[in-house]
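Participant: Prediction below, plus the sequence it came from.
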Amino acid sequence: MDSLFKAFNDPTRRRILELLRARSMTAGEIAEACAAGKPTISHHLDLLMRAELIEQEREGQFRRYHLNTSVMEDLMIWLGKLMAGRSEPGENKKISSSDPEESKS
């Protein structure tokens, strides 16, 4: 899960995800759309693949990148469960600890 949040933490990576939402693209197409160098985009693509947010397919001499929607769906389910415990928007519930040492303070 940490790799997902690291991937979302950068505006260029978020832009790449937005681009790939519309269609699959090569690294060169992504670099052109982001006005960034190919080495920079390669780094971002590597981090997105490590987070399993995107996948690549070989197409001749090129690699096409596309969204891995199953990971996005898993993230949405997790976020939904996280928010399900809230009674009202903006209300913070105290999370009780099962650690007896913490309850002493």
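Facilitator: Noted; the coordinates are in hand.

Participant: Only C-alpha atoms from now on, for both contacts and neighbour counts.
Facilitator: Fine.

Participant: Determine the set of other helices and strands touching the top helix by length along the chain.
Facilitator: Longest helix in the chain, counting residues (DSSP state H): helix 69-84. On a contact count with 3 or more C-alpha pairs under 8 Å, 6 or more residues apart in numbering; DSSP states H and E, helix 69-84 meets no helix or strand.

Participant: contacting residues for Ile41?
Facilitator: By C-alpha atoms under 8 Å, 6 or more residues apart in numbering, Ile41 lies in contact with 27, 30-31.

Participant: Can you tell me how far it is from Gly28?
Facilitator: According to C-alpha to C-alpha, to the nearest Å, Ile41 and Gly28 sit 9 Å apart.

Participant: I'd say Phe62 and Thr26 touch.
Facilitator: Yes: with contact defined as C-alpha atoms under 8 Å, Phe62 counts as touching Thr26 (6.8 Å).
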